[in-house]
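Colleague: Need coordinates for the below:
(chains A, B, C and D)
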Protein chains: 4
Amino acid sequence: MRVGFIGLGNMGQAMARNLIRAGHQLVLYNRTRERADALAKEGAEVADSPATAAKQEVAITMLADDNALQSVIFGPNGIIQGMQPGGMHVSMSTISPALSQRLSAAHRERGQRYLAAPVFGRPEAAAAGKLTIVAAGPPDAVAKAKPLFDVLGERTFEVSEEPQHANLIKISGNFLIACVIESLGEVFALSRKAGLDPQKPFDVFSKTLFNAPVYKIYGPQIIEGKFSPPGFKLPLGLKDIRLMYAAADQLAVPMPFANVVHDNFLSAIANGHGDLDWSALALVAEERAGVTGGRAA
Amino acid sequence: MRVGFIGLGNMGQAMARNLIRAGHQLVLYNRTRERADALAKEGAEVADSPATAAKQEVAITMLADDNALQSVIFGPNGIIQGMQPGGMHVSMSTISPALSQRLSAAHRERGQRYLAAPVFGRPEAAAAGKLTIVAAGPPDAVAKAKPLFDVLGERTFEVSEEPQHANLIKISGNFLIACVIESLGEVFALSRKAGLDPQKPFDVFSKTLFNAPVYKIYGPQIIEGKFSPPGFKLPLGLKDIRLMYAAADQLAVPMPFANVVHDNFLSAIANGHGDLDWSALALVAEERAGVTGGRAA
Amino acid sequence: MRVGFIGLGNMGQAMARNLIRAGHQLVLYNRTRERADALAKEGAEVADSPATAAKQEVAITMLADDNALQSVIFGPNGIIQGMQPGGMHVSMSTISPALSQRLSAAHRERGQRYLAAPVFGRPEAAAAGKLTIVAAGPPDAVAKAKPLFDVLGERTFEVSEEPQHANLIKISGNFLIACVIESLGEVFALSRKAGLDPQKPFDVFSKTLFNAPVYKIYGPQIIEGKFSPPGFKLPLGLKDIRLMYAAADQLAVPMPFANVVHDNFLSAIANGHGDLDWSALALVAEERAGVTGGRAA
Amino acid sequence: MRVGFIGLGNMGQAMARNLIRAGHQLVLYNRTRERADALAKEGAEVADSPATAAKQEVAITMLADDNALQSVIFGPNGIIQGMQPGGMHVSMSTISPALSQRLSAAHRERGQRYLAAPVFGRPEAAAAGKLTIVAAGPPDAVAKAKPLFDVLGERTFEVSEEPQHANLIKISGNFLIACVIESLGEVFALSRKAGLDPQKPFDVFSKTLFNAPVYKIYGPQIIEGKFSPPGFKLPLGLKDIRLMYAAADQLAVPMPFANVVHDNFLSAIANGHGDLDWSALALVAEERAGVTGGRAA
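Modeller: Have a look, this model is predicted:
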């Protein structure tokens, strides 16, 4: 398939490479062209604008946030201009449901199709083609994109005909992860202050009721204080909680756990932890309790 | 082994029965004698006071809360009076770390041993001998109780020489469960209000990062609104959060998630949900958001 | 002075009328022209665009929110186009500090002056010329606007040379009022549930330590449940808390009280109280506690 | 009147002295006798037990907390033993409504009268006879104590026939003060981080809507960082919030502001501010925001 691919950050680069290797013909666009040129050597074309990249059968976007996505779509030589009627936009960034809904309408007006397909997984999972993809949009559009998803991820969930629902699930998932980090942070701070090695309760929990990847990934990081190098930087976690907050605000759903997590992300950043992994959220509970065990030297 | 067993509620009864079946000689005490008499037919003696029951090699207590335990220990004809020097008290109730610490000292003063071994698991798990046991206390005491634990549970974690650490882990575990319920409640309320069936995000989460028993048990209950009959009544959940709060207060550890959960338990009770399962905590998020999907008719 | 006045809502209309009566020559603009025409009969001109109104010596804006203000400034025939170099914009709306800072830069680039002067006071205070004005900006600009402020308000505080500081103070003030409403709501709900008429604690507090207008205005409203007709509608209170939240987020300042208030505003709206006065925020504490005393029939 | 006076801390000593000077015959009891002896020189008798002090017409108690009061009442040679049928206990300590209710019942059983009359005011106000007294109990008992209240305070509010209602009002008042401190702390931290001297917003607020003693007392302390010497130590503030929390818990009233304040008191203590005035609660908002302006050198 001829696929425009816009946005070659750590995630996008790995994803585009997998599509190239699977035999798709990619037309790449990235704001800083070097990243596109590097990939071109592996067998892809480079476009000089989002509009050009978007002239293909399918255009995939993988950008940092709402603003970045909006500028490649509505900005000069943007996707919305370049895409043909009948074209299809597969939006894989973590963006707000509100923007996704707006894009859906904008494409529909122009006879184009729009699909939201945000992903779970870090760059290594992207490189290994093992992302989890949450897809929502018109069923025929999802079906058309399915061969691409099969290359990019190990599992695709088709969740709704409303694209923004996929985005809601993505940010809800990140919110749930943040809740796990915060709850472990509170429990471990309490353990430390009681003179109990937090590894002990963690063993009990992670081997019984809480035997899930999310606990096994974050628990040891927090206990050992290994927040660097970051797998997912703390300000990115804050960004996603802001998306959650905005969705909750718009729909009038009080989410007190989101507030706690938001405050603690701010506090972490205000106290100099902005370069750490987002699991350093757990440091805030320790600092407020006056214990300092959880920080690797 | 000759074992005094004090407290024959739903949990205690099932546990005592398993010990009898495994060949131990039990001396039972329960405030309302009928429950002891019923078990006696299966081959146990009945004591007329906690003191008498506690005269055995080992005395196990399994009571509802701090007050109930204190009264069989320090009350008239209490355990502390009946137990011989060299006797051993295995405290399996969910009680405060503070009381556990106090009991430990009280027994030590009298040349008796004290062990905390609270359990995870509902009455069915107790009946099946599949509890998870968290044991803390002097290693020789734990070793002596081990054969009993092997009858009662499928797994015993030995976590510390300080008995109160086991109690801290028990209440921390229940706190973490409550955090899962609350976080799912918030996310599902948001989904419903966005017009998205909460089963959709739950599928994604529970099949990927959150693939753990705690999510699989509580997620469907909340989505289907099956809060009755209760497996663990909401006021019991509140009781355990109060224990968490008291421990956090004593150790000066701010636990904002515990506050949210506490407020929502109060709100659930104040609004008539006190007879439901503690997963009905999730109803509060729905009610605050003005959606009512999560309550089975 | 020749004064462009843009935005003739309940507040703006009363303010413009006072300026007319004080002898200033007003050029009015309002999105729905009828409101301008009505005032014109009292001796003012009507402009057909914000740009025209802004051609005067001074242009005052009094609009509902950031969006409304942005559209009269940057929209077609907007203020920024109409205003002459040397012109001065006095921005009296309750807007975000961030927008105020952006406007300040935009005007400066064009050789125009910008002043923020948000007000405290309801429409009746505006009509009586008894507003409290919080002014910030270049001192000479503030001095030039002072005669206008003297007509509009009974007191002007000059707080900073940075315009956005005035906006920060305005939203901080509304936040503090919301905190008073929430704290009284919690205390009164507790009183009611304890069987104590909330008038009793209120008497004690308001006659001693809390003898301030804010308590005397909102306390009786909450006790009597007089939330209608609204003096300041609940969604407007939410709007201002959102501005507070955005400022706190941008500056990385955790504000847990703002979170509580925000959640409770959402909850009030989600449960059908959106047409009431913002003091109905106090209903949420009652509803969560399962008491219903504070709502007038 | 012959008055037993039990509890001669900073508050009690000043109060007892005023009663002596007004011509009442006092029989003093204090755990450390020196404080009683010192006052005796001014014309009072010293009792060697609470029971003896309580044999008078009226016994006033002024103790630190629930535990201290319980031990002089129910302990060996306690008030409950010494007091005659027909005697009257005026309980002026800041205690829990629950204890007050229990004392009321205990005295009634013995044909004694019980009155709660907690006070607002610091030791200087006590010395000057300018306390605010909140009295609740049987009207004839309140009437009998009135002449004593007139000596001790400048104003007495008679609020209810249920003694515990006075205690509820007392702790609610301290809660409201803590809410003022917290809300100012958040606003001032935001101001500082925005580069705005917090004196500016405070001027605006305290001269307009928030023109009440509570703002005027605590605002400058927070702005100037004058938390030492403490007028009311931070752990005492925490103690009263705990009483509030216990009352809210018992009555099932969610009080989210109380949670925030409680967490921040814990955090202040855990981070070494336990010797400061309770207005140092405001430091927590600063610390979380990473600003340090509000602490005097």
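Colleague: Could you tell me the phi and psi values at A:P76?
Modeller: phi -60, psi 140 (degrees, to the nearest 10).
Colleague: how many other residues sit next to it?
Modeller: Using other Cβ atoms under 10 Å in any protein chain shown, A:P76 has 9 other residues around it. The C-beta positions use only the backbone N, C-alpha and C, and glycine is treated the same way.
Colleague: pLDDT at it, what is it?
Modeller: A:P76 is assigned a predicted lDDT (pLDDT) of 93.
Colleague: what do you get for A:T156?
Modeller: 98.
Colleague: Within the helices and strands, which one has it?
Modeller: A:T156 belongs to strand A:153-160 when elements are defined using DSSP states H and E.
Colleague: ok, and for that strand, which residues are buried?
Modeller: Neighbour-count burial for strand A:153-160 flags A:153, A:156-160 (criterion: 16 or more other Cβ atoms under 10 Å in any protein chain shown).
Colleague: again with stretch A:203-217
Modeller: Buried residues in stretch A:203-217 (16+ other Cβ under 10 Å): A:203-206, A:208-210, A:212, A:214-217.
Colleague: Stretch A:277-296 now?
Modeller: Those would be A:277-291, A:294-295, for stretch A:277-296 by 16+ other Cβ under 10 Å.
Colleague: in chain A, what residue sits furthest out from the centroid?
Modeller: Ranking residues of chain A by C-alpha distance from their mean position (Cα atoms, centre = their mean) puts A:G195 at the top, at 37.2 Å.
Colleague: so it sits in a strand?
Modeller: No: counting by DSSP: H, G, I helix; E, B strand; the rest coil, A:G195 falls outside a strand, being coil.
Colleague: Just to check, it is in contact with B:E162?
Modeller: Yes: using Cβ atoms under 8 Å, A:G195 is in contact with B:E162, at 7.1 Å.
Colleague: re the thing from before, pick out whichever of the buried residues of strand A:153-160 sits closest to B:G43.
Modeller: Taking Cβ to Cβ as the measure, A:F157 is the one of the buried residues of strand A:153-160 closest to B:G43, at 54.1 Å.
Colleague: In contact with that closest one, which residues are there?
Modeller: A:132-135, A:169, B:200, B:203-204, B:207 (Cβ atoms under 8 Å, 6 or more residues apart in numbering or on different chains).
Colleague: cutoff 10 Å now
Modeller: A:117, A:120, A:132-136, A:149, A:166, A:169, B:200-201, B:203-205, B:207-208 (Cβ atoms under 10 Å, 6 or more residues apart in numbering or on different chains).
Colleague: Not counting residues beside it along the chain, what's closest to the residue of the stretch 51-200 of chain A found nearest chain D?
Modeller: Closest residue of the stretch 51-200 of chain A to chain D, Cβ to the nearest Cβ: A:K193 (8.2 Å). Computed as Cβ to Cβ, 6 or more residues apart in numbering or on different chains, the closest residue to A:K193 that is not its neighbour in sequence is B:L251, at 4.5 Å.
Colleague: Next, give phi and psi for the one you found.
Modeller: Dihedral angles (degrees, to the nearest 10) for B:L251: phi -90, psi 0.
Colleague: thought it was touching A:V187?
Modeller: No: using Cβ atoms under 10 Å, B:L251 is not in contact with A:V187; the gap is 12.0 Å.
Colleague: which one of these two has more residues nearby?
Modeller: In terms of neighbours (other Cβ under 10 Å), A:V187 is the more surrounded of B:L251 and A:V187; the figures are 32 against 22.
Colleague: Quick check: phi and psi on the residue lying closest to that one once chain neighbours are set aside?
Modeller: Nearest non-adjacent residue to A:V187, counting by Cβ to Cβ, 6+ apart: B:S172, 4.6 Å away. Dihedral pair for B:S172: phi -60, psi -40, per degrees, to the nearest 10.
Colleague: what sits against whatever residue of the stretch 151-297 of chain A ends up closest to chain B?
Modeller: Residue nearest to chain B within the stretch 151-297 of chain A: A:A212 (3.2 Å; Cβ to the nearest Cβ). A:A212 is in contact with A:180, A:206, B:205-206, B:208-216, counting by Cβ under 10 Å, 6+ apart.
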